[in-house]
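[1] Predicted model, plus sequence, below.
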Amino acid sequence: MKNLVRLALILVMMSYQSFVAQEKTRLIVEFERIKNTSGTLHVGVFEKENFLKKPTLAKSIEVKGSTHTVEFENLDFGVYAISVFQDLNANQSMDMQSNGIPLEPWTMSGHPNPFAAPFWEDVKFTFDQKKKRIKLKI
């Protein structure tokens, strides 16, 4: 009888772990009132160690209207920043003037200074729930 109870308990624990492991997290990035309805939005999710170098996750979507949504699934809980630019000339990079001022529309999470290079502390956010929605304007 003890073995039967142990076996049942083990099966319950294993099925619970499977259920918990299958739950997905979702980070939803919404764009409203996009002024220029052409080009491609390049959306990157960054961690502090790779900030503005190589995104942890990235997606690109063609702009076809004034509102768009990008979803990232299975993101681990942690601290991240989102950086977005709108590639208007399809060259896959953010065009800038010689002094570093962007020539194409861009936005970030948090509160970056639009007249200076972004700082991690200004743009980071905590992803600590299964579903988080962030609204950005570009």
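    Cool, the structure landed.

[2] pull the longest strand from the chain.
    strand 78-87 (DSSP state E).

[3] Which other helices and strands does it contact?
    When contacts are defined as 3 or more CB pairs under 8 Å, 6 or more residues apart in numbering; DSSP states H and E, strand 78-87 sits against strand 26-31, strand 40-46, strand 106-108, helix 120-123, strand 125-127, strand 131-136. In this view, the C-beta of every residue, glycine as well, is placed from N, C-alpha and C.

[4] That strand to strand 26-31, inter-axis angle?
    Orientation of strand 78-87 against strand 26-31 (axes from the mean of the first three to the mean of the last three CA atoms, to 10 degrees) gives an angle of 30 degrees.

[5] Direction included, what does strand 78-87 pair up with?
    Here strand 78-87 is paired, per DSSP bridges, with strand 40-46 (antiparallel), strand 106-108 (antiparallel), strand 125-127 (antiparallel).

[6] that older thread, between the helices and strands packed on strand 78-87, which gets nearest to Val79?
    strand 125-127 (5.5 Å; CB to CB).

[7] gap between the closest one and the chain center?
    Centroid separation between strand 125-127 and its chain, computed with CA atoms, centre = their mean, to the nearest Å, is 10 Å.

[8] Ok, stretch 32-47 next?
    Averaging C-alpha positions (CA atoms, centre = their mean) puts stretch 32-47 12 Å from its chain's average.

[9] Using CSV, write down the CA coordinates of it.
    Extracted C-alpha coordinates of stretch 32-47, given in CSV (Å, rounded to 0.1, in the frame of the first residue of the first chain):
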residue,chain,number,x,y,z
GLU,A,32,-0.2,52.8,-32.3
ARG,A,33,-0.4,55.8,-34.6
ILE,A,34,2.6,54.9,-36.8
LYS,A,35,3.1,58.0,-38.9
ASN,A,36,4.9,56.5,-41.9
THR,A,37,3.0,53.4,-43.0
SER,A,38,5.8,51.9,-45.0
GLY,A,39,9.1,50.0,-44.4
THR,A,40,9.9,47.4,-41.8
LEU,A,41,9.8,47.6,-38.0
HIS,A,42,12.8,45.9,-36.4
VAL,A,43,12.0,45.0,-32.8
GLY,A,44,14.8,43.8,-30.4
VAL,A,45,14.5,42.7,-26.8
PHE,A,46,17.8,43.2,-25.0
GLU,A,47,19.4,42.2,-21.7
